[in-house]
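1. below: sequence and its predicted model.
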Amino acid sequence: MTVTLPLVVVLGAFAWMAIRFLGVRLWVAAAIALFGFYLAQTWAAPVIDHTTRSGVEVVNGDRK
């Protein structure tokens with residue numbers, strides 16, 4: 001049985017756990033999220049996307 005989970009769900013769970021258990025303030029998490037939105041509009045977005053996809057492929061073992 002294969003279970004697929006979107007990366008955004010994993011990152012959301014990580015952020016929630018960081019706020020809840022590590023004591024990260026909510027405004028810090030919001031600032032990081034806003035930084036991500038602004039970063040998506042720069043030249044670095046395709047590089048980050050490619051790197052993330054490659055990392056997920058390595059973890060999943062789908063590398064060909």
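-> Noted; the coordinates are in hand. Residues are numbered from 1 along each chain as shown.
2. how about the helices in this structure?
-> 7-21, 26-39, 44-60 (DSSP state H).
3. how about Ile32, what does it touch?
-> Not one residue lies near Ile32 by CB atoms under 8 Å, 6 or more residues apart in numbering. Backbone N, C-alpha and C define where each C-beta goes, glycine included.
4. columns mean pLDDT on top of the helices of the chain, output as a markdown table?
-> Conversion of the helices of the chain to a markdown table gives the following (pLDDT from 0 to 100):
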| stretch | mean pLDDT |
| --- | --- |
| helix 7-21 | 87 |
| helix 26-39 | 86 |
| helix 44-60 | 87 |
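5. how near is the residue nearest the centre of the chain to Trp43?
-> The structure's the chain has its C-alpha centroid closest to Leu11; by CA atoms, centre = their mean the separation is 4.6 Å. Note on Leu11: its distance to Trp43, by CB to CB, to the nearest Å, is 22 Å.
6. tell me the contacts of the residue nearest to the centre of the chain?
-> Contacts of Leu11 by CB under 8 Å, 6+ apart: none found.
7. what's the burial count for the residue nearest to Val24 when sequence neighbours are not counted?
-> Nearest in space to Val24, with sequence neighbours left out and distances taken as CB to CB, 6 or more residues apart in numbering, is Ala18 at 4.4 Å. Using other CB atoms under 10 Å, Ala18 is surrounded by 15 other residues.
8. Val28 is in contact with Ala18, correct?
-> No - checked against CB atoms under 8 Å, the pair Ala18 and Val28 is beyond contact range at 9.0 Å.
9. now the residue nearest to Val24: how far from Trp43?
-> 28 Å.
10. check the gap between the residue nearest to Val24 and Ile32 for me.
-> 10 Å.
11. over to Glu57?
-> Distance, Glu57 to Ile32, using CB to CB: 25 Å.
12. so for Gly23, what's the pLDDT?
-> The score at Gly23 is 90. That number is its pLDDT.
13. phi, psi of it?
-> Backbone dihedrals for Gly23, given as degrees, to the nearest 10, come out at phi 80, psi 20.
14. shouldn't Ala15 be in contact with Ala29?
-> Yes - using CB under 8 Å, Ala15 is in contact with Ala29, at 5.4 Å.
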